[in-house]
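> sequence and predicted structure are below.
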Amino acid sequence: MNLKKKLPHPFAPESVERSWSARESWRVFGIMSEFVEATERLSAIRPAVSIFGSARIPPDHAYYMLAEAIARQLSDAGFSVISGGGPGIMEAVNKGAFFGKSPSVGLNIQLPHEQQANPYQDVSQTFRHFFARKVMFVKFALAYVVLPGGFGTLDELMEALTLVQTGKTRKIPIILVHAPFWKGMLDWFRETLVAEGMIDPKDLDLIRIIDEPAAVVDAIFTYYEKRGFEPSAAEREIQLNL
């Protein structure tokens, strides 16, 4: 006797399936237009630094003030500063840059519970798709600065580390701010990921730990001091295929 359970039929009725298929096809054009519009709007913001951190941090929190100070110093040094455009550390970043000398850029995202865009943005671009937004964070950034945050912040950090590690984007400084917050994660990287051969020990060299705003700015300038901020021809090709 055959006791195997039968799976339910995986497909909806043919008419419904055709309707969904057509919607999926047209959705591709919406994704394309999102990439084109964002690329055209953001192409003039270089050189830029992307900064990440929690949306849940209030304005009187030490992390908020730290993010604002870093963004202000980067802006005054000539960098456009990119954040996710929302509240918390994203707001602090945009606020610091807004009152600095260079553009404050917010890459907002439409969410089921709408993310409220902060008011400190010289350039504001809204995305429907997380993946399109994530590409723009990397595409236009000379450096990543990551402050304490949750899943979204960790997602952006891991995305950057993976792209640099695999050579899918050019090597850039990836700076973690506030060492005590990141200690447990970095210990796990060393004691588990490296120890079990999941990553190479030299992959940890992709990360810098810096706590002071001025030191963040200095580290970025030092990184590009000999090679310059302009990407090479090979790096431009990599970015085109990001």
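Done, it's in.
> identify each buried residue in stretch 142-159, please.
142-149, 152-153, 156-157, 159 (16 or more other Cβ atoms under 10 Å). Every C-beta, even on glycine, is put in place using the N, C-alpha and C of the backbone.
> and the longest helix for the protein?
Determined from DSSP state H, the single longest helix within the chain is helix 14-42.
> pLDDT on that helix, on average?
Averaged over helix 14-42, pLDDT sits at 80.
> and it, how far out from the chain's middle?
23 Å (Cα atoms, centre = their mean, to the nearest Å).
> ok, stretch 172-186 next?
With Cα atoms, centre = their mean, you get 15 Å for stretch 172-186.
> and stretch 117-133, by the same measure?
Using Cα atoms, centre = their mean, the offset of stretch 117-133 from its chain centre is 12 Å.
> now the buried residues of stretch 142-159 in CSV, with distance to residue 84?
As requested, those are arranged in CSV below (distance: Cβ to Cβ, whole Å):
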residue, distance to residue 84
142, 18
143, 16
144, 13
145, 13
146, 12
147, 12
148, 14
149, 10
152, 8
153, 9
156, 8
157, 13
159, 13
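> which ones among these lie within helices?
Judged by DSSP H, these include 152, 153, 156, 157, 159 as members of helices.
> residue boundaries of the strands in the chain?
48-52, 80-83, 104-109, 123-127, 143-146, 174-177, 207-210 (DSSP state E).
> which stretch among those strands comes nearest residue 59?
strand 80-83 (14.6 Å; Cβ to Cβ).
> of all the strands of the chain, which one is nearest residue 221?
Closest approach to residue 221 among the strands of the chain (Cβ to Cβ): strand 143-146, 10.0 Å.
> name the helices or strands packed onto the closest one?
Using 3 or more Cβ pairs under 8 Å, 6 or more residues apart in numbering; DSSP states H and E as the contact definition, the elements that strand 143-146 packs against are strand 48-52, helix 151-165, strand 174-177, helix 213-224.
> most tightly packed of these?
Stretch with highest mean neighbour count among the helices and strands packed on strand 143-146: strand 48-52 (a mean of 27; mean count of other Cβ atoms under 10 Å).
> please report how far residue 43 lies from residue 239.
Per Cβ to Cβ, to the nearest Å, residue 43 is found 12 Å from residue 239.
> and these two? which has more neighbours close in?
A count of neighbours by other Cβ atoms under 10 Å puts residue 239 above the other of residue 43 and residue 239, at 16 against 10.
> look up the closest residue to residue 43, ignoring the ones flanking it.
Leaving out its chain neighbours, the residue that sits closest to residue 43 by Cβ to Cβ, 6 or more residues apart in numbering is residue 140, at 7.9 Å.
> count of neighbours near the one you found?
Neighbours of residue 140 (other Cβ under 10 Å): 23.
> tell me the angle of the helix or strand of the chain with the lowest mean pLDDT relative to strand 48-52?
When the helices and strands of the chain are scored by mean pLDDT, DSSP states H and E, helix 14-42 comes last with a mean of 80. Per axes from the mean of the first three to the mean of the last three Cα atoms, to 10 degrees, the angle that helix 14-42 makes with strand 48-52 is 130 degrees.
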